[in-house]
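>>> Requesting a structural model of the entry that follows:
(3 chains)
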Amino acid sequence: MKTPLTLDPDRLFPVEPHVRDIARDLYASVADEPIISPHGHVDPRLLLDNEPFSDAANLFLTYDHYVFRLLNSAGVDLHELGVGKSDPVDPRAAWRIFCRNWRLFDGTSSGYWLTHELVTLFGIDCEPSEETADEIFDVIQAKLAQPEFRPRALFDSFPISFLATTDDPLDTLEHHAALAKDPSFSGRVVPTWRPDAYVNARKPEFRARVEALTASVNVPVDSVKGYLEALRASRARFIEHGAVSADFGVAHPLTVDLDDAELELLYRKAVNGSLNPSEADAFEGAMLLRFAGMSVDDGLVMTIHPGVFRNHHTESFANFGADTGHDIPVATEFTKALRPMLDKYGSNRDLHVVLFTLDETVYSREIAPLAGFYPSVFIGAPWWFIDAPDAIGRFRAATTETAGFSRASGFIDDTRAFLSIPARHDMSRRVDSSFLARYVAQGRLTLAAAEHWIKQLTVDQPKKVFKID
Amino acid sequence: MKTPLTLDPDRLFPVEPHVRDIARDLYASVADEPIISPHGHVDPRLLLDNEPFSDAANLFLTYDHYVFRLLNSAGVDLHELGVGKSDPVDPRAAWRIFCRNWRLFDGTSSGYWLTHELVTLFGIDCEPSEETADEIFDVIQAKLAQPEFRPRALFDSFPISFLATTDDPLDTLEHHAALAKDPSFSGRVVPTWRPDAYVNARKPEFRARVEALTASVNVPVDSVKGYLEALRASRARFIEHGAVSADFGVAHPLTVDLDDAELELLYRKAVNGSLNPSEADAFEGAMLLRFAGMSVDDGLVMTIHPGVFRNHHTESFANFGADTGHDIPVATEFTKALRPMLDKYGSNRDLHVVLFTLDETVYSREIAPLAGFYPSVFIGAPWWFIDAPDAIGRFRAATTETAGFSRASGFIDDTRAFLSIPARHDMSRRVDSSFLARYVAQGRLTLAAAEHWIKQLTVDQPKKVFKID
Amino acid sequence: MKTPLTLDPDRLFPVEPHVRDIARDLYASVADEPIISPHGHVDPRLLLDNEPFSDAANLFLTYDHYVFRLLNSAGVDLHELGVGKSDPVDPRAAWRIFCRNWRLFDGTSSGYWLTHELVTLFGIDCEPSEETADEIFDVIQAKLAQPEFRPRALFDSFPISFLATTDDPLDTLEHHAALAKDPSFSGRVVPTWRPDAYVNARKPEFRARVEALTASVNVPVDSVKGYLEALRASRARFIEHGAVSADFGVAHPLTVDLDDAELELLYRKAVNGSLNPSEADAFEGAMLLRFAGMSVDDGLVMTIHPGVFRNHHTESFANFGADTGHDIPVATEFTKALRPMLDKYGSNRDLHVVLFTLDETVYSREIAPLAGFYPSVFIGAPWWFIDAPDAIGRFRAATTETAGFSRASGFIDDTRAFLSIPARHDMSRRVDSSFLARYVAQGRLTLAAAEHWIKQLTVDQPKKVFKID
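Below you'll find the predicted structure:
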């Protein structure tokens, strides 16, 4: 027996009928707004090449660590799914494994997004299961061959009005340039500058990266002046290609104010591989503060994504590589860590620093109080594991009473799963509408104010925070 | 076009009609109870002098760091509002800035309180905005000239039955004395003993303060015995003036049990300015434990308000002074920190220690378990950034299942904004009624028990916990 | 006037009528399922001896630290209740104290369970109070004399299908054996292996315990090889008696990967009492990792219950002993602490590690992300202070979006209060039904999926996670 797969038009709204009505109306006012995606991990070549997607497994499974990590927990061998460095697999076989395990995703944000995608994009009307796997695979395969399922057509139909990718400072940005020049594509796709590999001196590849970086602008590797100059030059190049932000995936949001001589000392040790762990922290913290200074100069918005223990499982890292489901959050501290940076630059109204966290405890304790004072600090939307309906509700409740709505970043999908972008933004609009509806129903907000803020949170706030004109 | 400003009589109640009905009835039973305010920051001279308030900006803006911090985050220069050490400003111009930015306060506790005050006290019926700023300013100005808007008249009309201020141990308490003697004022206004400046040896002013303290009772500054004697004498003097509690704004609630010789050693270093940071922590922790001992002797309730990084932004501190919006919370630990003190005095049934926190994670993990065992420990109501409807709901849900209602302090407004006192207590009564109503509706509490507890939480619990007769 | 004591048949369900209907139906589908209790603290002699319970105070009060801790906080002297090492007291007098203080338990999980027990087991229909204390005492006394109130009869009537006790590795397990052999009792009661006293070298009794352990298998005390052999032999003996799990009540879930020589070194110091505190941590952490290795070999499920500061109040410990209400939780870290163990054994699909916590912040931040990747990690149900309706709701909301339902342990009562077992499991079924009902009402879960998961969470998940066949 097949189980129907449907989408409730009132999904995620509050359960009380009167509040639901308010939420439904608020949502309706923004449901069709184009998507602004100021931070994510889509590969620009996807849109440049505009090749058809290959198959359902590739689309939903092989590259989505939210999905295959749960299959791993259920005992599926990731080699059978073709994850990471695995040998290629038969996509239909991988898809069957996924469909057989559909129940795992009940209640998860992945399950919610996948349902949205299967129903709205592919018209699937039965639940994935052992029995329906092949049929669904075939329906998707047939759709993918159609022109309206090419990446650019989807980009236009979602529709996406702004999409930022995430890129290495040495990236040539040739794909971004080619896409921008292509007269047949009018979408706006810009790079984001992410220098982690050039500041994390604990990584074995640090020296080689920094050598390449300094070589790119013909400065010697052993001078911090050259290193800083090369970083600035790379940022300038990104800005020429439309970049609006720089992203920092630090372990902790430590900032340290070092003068040039102190920084030079650490830099030399870093390049020589002789930093001890606390010096490596200090170097990274000093650079994070320097990057704030560069942002004051060149205007790039800073986004900070801290607090993840990367590659927790050595064997999985060896077998499959990075970003394969075993990055695990840790407790994170912002108040003391960011103080040197905010003390120096925090009152600068042109600096924008967006703070993301996987540690929900900091929303009411640290991030909302910081963003409610410093003109430069904005509250990043919930990210990764907590980019989910209940968690977003908790986030709004934890930040709004202290900082209101004006200090929030607006939604960021942060995804490499291109097809999930509309599902994620739609979820966010529904949850925000629901939150605002409750405040209206409880006499805490006028309906007019709620109508104002749902537009702001969906459209204006991300433009303002990310300086998108 | 003006937008109406109104107060929903059912504001903050649960949205489900049946539960709302229960909440409404519970609230009605305490809505008119006089206000007990056992901890706050109103200046006693306000009531002694009983001068008219000067204007709307002064009333709602210049002294309320909850309000001007959000304006600062929006890019307003605090000099334009006349904050702290700023030069005086035209209050009407400052008020216009505030009104223009009214949307910032949507959803915040400040916005909620301000609306309450504007509507109930001044009969304002349109939202603050660029357009309505002058009109509202004028209406308020006219009201402030009337006798019923003088501080004492407001005190009686709110009505407030008990108000504690917060005072320096060397305060002469002359204003309290004069007010108590004044036959034309029957309100009860008592001081609270707050010795932070005399135990925090990290502050440059420590030596001078301790010199003045010891001189006040003619004991030498270099003997800890004299120092302790001076502190005890100051407490006795406060008690004579009606004080019921002593307040401790420590960075962390560390307590350390030192014998007299060990304390003497640290004290001498403190007075000589030669404590290292960990010794400064130990001295403060040793004194916090000693203060518990003094409370056992003299009966003053201890309130502990820890976990704030004060004056986070050096430039703002230099420009505007302390308490100007850039105090930011940090994670706080109680279980281990308080152990020496509770191990020594925790089972004393005459000792009352009220624990406040800005770190919500400790409610279920540490404070409720401590208060559910030690007769001396009470759970402080949410404070400062988390003194807000959703946060108070989380607090009740996090503490009640472990410790019930009997271990809670009752509401404390902790405000320097005199006019916001009724709004805050009204909010608390509504949120507590809503919490109790849900438990009734879910069959977890009888209606009779809910009726008992809403009275207790509003009236009896603060009296019991703060030893107010 | 007596106040009626009743049980709302819809208690704990959501308040919105439509969602309540869904919850009620889900609950009905599992309300009568036999109880699986894979972790708890019932004494096997209770069932072996099958003596009548002595009286109401003994049943509900003297051994239940959830209950007498709140009485202690209200100023009751635990000696008057006969707690721990106290002299025996008149049970009727103790019961009167409890009844007089009934209001303390309003809103608490203990109050909820006690009401359930009084109504369903004893047919009490009036609230405990000064006035009703004697009457209730007498009704209970009369019932306890009846054969259907003997422990075995209650075991069968609850009904319990599986009950695990918690036992010392040197326990002879004679009571378990006798019970298993008894033809007149068909219930399944198995031991759980809990070696804390043999790995926590900070305790004065460590040396004596380890001597007894090694002597039990005739190996010398001074060789870690013998020690490990003795531990393995004890586990094997427990498995022969039906044990399915080993429990670890560590202060922190630290794991350390030491080779045999390194472990030997620490072990010798431990036995000689010469470990410093960080070595004691390392030894305990190394043993926790070794126990995972043993579980890989022998199949025992690991349950980890960390994060409690035991015996916080020295005087109460001296007067009454351990487990007398003054164990207080502390912040707990899992991501880094468990990494060595999970890096080594985490991908083993036969290893089951169930993580419990009293620090709710780790649910979304650490435990759900770990359990959503590692096949060996399961999310333990809320425990002790947070085994309560609102807290369980928070737990589900904090873990489901990341890890779904399949990684959850199912409910564990963890109680020494035998009569509270049905109340606790019933509570859990109601709260889980309510959570699932909300997801159904919000279009996040089909009704069929919710029906599937309520059965799984109640019956199949505990069997799967605890390897109960």
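>>> Got phi/psi on A:Pro382?
With angles defined as degrees, to the nearest 10, A:Pro382 sits at phi -60, psi 150.
>>> How about A:Ser434?
According to degrees, to the nearest 10, A:Ser434 has phi -70, psi -40.
>>> hang on, it packs against A:Phe13?
Yes. The pair A:Ser434 and A:Phe13 passes the contact test of CB atoms under 8 Å, sitting 5.5 Å apart. Heads up, the C-betas are built off the backbone N, CA and C, glycines and all.
>>> hey, what's in contact with both of those two?
Common contacts of A:Ser434 and A:Phe13 (CB atoms under 8 Å, 6 or more residues apart in numbering or on different chains): A:19, A:23.
>>> ranges for the strands of chain A?
Using DSSP state E, the strands found in chain A span residues A:35-37, A:160-164, A:189-190, A:245-248, A:301-304, A:308-309, A:328-329, A:353-355, A:377-379.
>>> Make TSV from those and add distance to C:Leu228 to it.
Output for these, formatted as TSV (distance: least, CB to CB, whole Å):
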stretch	distance to C:Leu228
strand A:35-37	55
strand A:160-164	55
strand A:189-190	59
strand A:245-248	46
strand A:301-304	46
strand A:308-309	30
strand A:328-329	30
strand A:353-355	48
strand A:377-379	51
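>>> so which of those strands comes closest to chain B?
strand A:377-379 (7.6 Å; CB to the nearest CB).
>>> Show me the contact partners of that closest one.
A:342, A:346, A:352-355, A:363, A:367-368, A:370-371, A:399, A:403, A:407-409, A:465, B:73.
>>> And it, how far out from the chain middle?
Centre-to-centre, strand A:377-379 and its host chain are 16 Å apart (CA atoms, centre = their mean, to the nearest Å).
>>> Ok, stretch A:380-390 next?
With CA atoms, centre = their mean, you get 10 Å for stretch A:380-390.
>>> Tell me if it is near chain B.
No. On the criterion CB under 8 Å from any CB of the partner chain, stretch A:380-390 is out of touch with chain B, staying 13.9 Å away.
>>> Show the pLDDT at the one residue in the stretch 351-469 of chain A that gets nearest to chain B.
When scored by CB to the nearest CB, the stretch 351-469 of chain A has A:Gly443 as its residue closest to chain B, at 2.8 Å. In this model, A:Gly443 is scored at 98, pLDDT.
>>> how much space between the one residue sitting closest to the centre of chain A and A:Thr303?
In chain A, the residue lying closest to the centroid (CA atoms, centre = their mean) is A:Asp414, at 1.7 Å. Noted for A:Asp414: a distance of 10 Å to A:Thr303, by CB to CB, to the nearest Å.
>>> Overlap in contacts, those two.
Common neighbours of A:Asp414 and A:Thr303 (criterion: CB under 8 Å, 6+ apart): A:His39.
>>> Could you report the neighbour count for the residue of the stretch 351-469 of chain A closest to chain B?
For A:Gly443, the number of neighbouring residues by other CB atoms under 10 Å in any protein chain shown comes to 18.
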